[in-house]
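**Student:** The amino acid sequence is not available; the structure is as follows:
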């Protein structure tokens with residue numbers, strides 16, 4: 001049974017039984033939840049767009065009206081454009097580097113970096129970043145910053161910038177199916193998993209670029225809302241706006257795909273292990289009949 005206090009509210013949830021934090025938008029069942037909102041905390045807005053947890057257990061909270069940091073105990077710090085050098089209050093994405101410095105992606109002002117004392121901003125007027133509207137951020141094991149925009153995937157190595165997009169100018173000659181990038185993750189071995197809006201899911205390594213979409217490969221969805229690598233197995237997890245949750249095991253170029261989605265009120269997952277990504281159909285009727293399991 002869902003706790004009635006969790007059915008309708010705005011803010012941030014924290015469970016003292018675990019370290020999980022959730023963006024609010026669904027009903028959740030749990031014990032010992034704490035709610036942080038405008039009534040009991042300095043949080044600047046209950047519209048929370050992004051979260052990042054640092055190594056000391058502190059939580060960075062990106063809202064549509066500023067950036068907040070909660071130390072996990074009692075202390076809040078608030079950054080807004082009128083009272084700090086944060087360029088804009090509408091925060092869309094957050095990421096932390098290996099020094100626990102925060103990178104902030106904004107709606108119209110590019111990327112900002114806070115090292116604990118100084119703000120540094122990167123936008124189209126002072127850097128080669130592809131676009132000022134940032135959709136997603138990722139900081140990899142080298143502290144390279146990956147910035148998803150509607151005009152391509154910009155990468156900042158700390159000393160130089162380069163870009164993947166759908167033009168002939170794309171980095172290393174690896175041309176995307178679309179420049180409309182949305183989310184990205186990078187594995188320690190260098191494999192890039194890139195989600196786009198209506199352009200399919202891309203895998204990129206040092207020499208190759210492959211993508212999966214509905215028209216050419218019968219893939220689940222042309223759009224990814226988030227991607228990540230399992231830190232232990234290296235499996236790929238992909239969230240989508242219309243095809244549920246996806247997981248790929250085995251090699252990126254040809255591994256097996258699993259799907260969790262709501263179908264007629266039931267959770268189902270599909271496995272296709274005899275069609276690789278090169279196959280004409282990743283989720284064909286034969287695969288569904290043979291490999292479907294209802295949970």
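**Tutor:** Cool, the structure landed. Note that the structure is predicted; figures quoted are calculated from it, not measured.
**Student:** What is the helix or strand where residue 246 lies packed up against?
**Tutor:** Assigned by DSSP states H and E, residue 246 belongs to strand 245-249. Other elements packing on strand 245-249 under the criterion 3 or more C-beta pairs under 8 Å, 6 or more residues apart in numbering; DSSP states H and E are strand 236-239, strand 256-263. C-betas here are computed from N, CA, C, even on glycine.
**Student:** Walk me through which strands the longest one pairs with, and which way each runs.
**Tutor:** So that's strand 256-263. When pairs are called by DSSP bridges, strand 256-263 turns out to pair with strand 245-249 (antiparallel), strand 266-269 (antiparallel), strand 271-272 (antiparallel).
**Student:** where does the residue lying closest to residue 164 once chain neighbours are set aside land on pLDDT?
**Tutor:** With sequence-adjacent residues excluded and distances taken as C-beta to C-beta, 6 or more residues apart in numbering, residue 164 is closest to residue 153, at 4.3 Å. Looking at residue 153, its pLDDT reads 98.
**Student:** Pairing partners for residue 153 in the sheet, please.
**Tutor:** Under the criterion used (DSSP bridges), residue 153 bridges to residue 148, residue 164.
**Student:** returning to what we had before: gap between the strand holding residue 246 and the chain center?
**Tutor:** In terms of C-alpha atoms, centre = their mean, to the nearest Å, the centre of strand 245-249 is found 15 Å from the chain centre.
**Student:** Could you list the low-confidence segments of this structure?
**Tutor:** Low-confidence segments of the chain, defined by pLDDT under 70: 1-31, 263-295.
**Student:** can we see that at 80?
**Tutor:** Segments of the chain classed as low confidence (criterion: pLDDT under 80) are 1-32, 262-295.
**Student:** So which residues of it form helices?
**Tutor:** With DSSP state H, the ranges of helices along the chain come out as 214-217, 285-291.
**Student:** Adding mean neighbour count and distance to residue 136, write the helices and strands packed on strand 245-249 out as a markdown table.
**Tutor:** A markdown table is the format used below for these (neighbours: other C-beta atoms under 10 Å; distance: least, C-beta to C-beta, whole Å):
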| stretch | mean neighbour count | distance to residue 136 |
| --- | --- | --- |
| strand 236-239 | 20 | 12 |
| strand 256-263 | 17 | 22 |
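**Student:** Format those strands as CSV; extra columns: distance to residue 144.
**Tutor:** Listed next are these as CSV, based on distance: least, C-beta to C-beta, whole Å:
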stretch, distance to residue 144
strand 236-239, 19
strand 256-263, 28
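**Student:** so the residue lying closest to residue 248 once chain neighbours are set aside bridges to which residues?
**Tutor:** Residue nearest to residue 248 in three dimensions, not counting chain neighbours: residue 236, with 4.2 Å by C-beta to C-beta, 6+ apart. Legend: beta-bridge partners of residue 236 under DSSP bridges are residue 229, residue 248.
**Student:** Was I right to think residue 236 contacts residue 195?
**Tutor:** No - contact between residue 236 and residue 195 fails when scored by C-beta atoms under 8 Å: they sit 10.4 Å apart.
**Student:** Give the intersection of the neighbour lists for the two.
**Tutor:** Common neighbours of residue 236 and residue 195 (criterion: C-beta atoms under 8 Å, 6 or more residues apart in numbering): residue 227.
**Student:** residues contacting residue 153?
**Tutor:** Contacts of residue 153 by C-beta under 8 Å, 6+ apart are 130, 146, 147, 163, 164, 165, 176, 181, 184, 194.
**Student:** how about a cut-off of 7 Å?
**Tutor:** Taking C-beta atoms under 7 Å, 6 or more residues apart in numbering, we find residue 153 in contact with 146, 163, 164, 181, 184, 194.
**Student:** unless I'm mixing things up, the last one is touching residue 209, no?
**Tutor:** Just to be clear, that refers to residue 194. No - contact between residue 194 and residue 209 fails when scored by C-beta atoms under 7 Å: they sit 9.1 Å apart.
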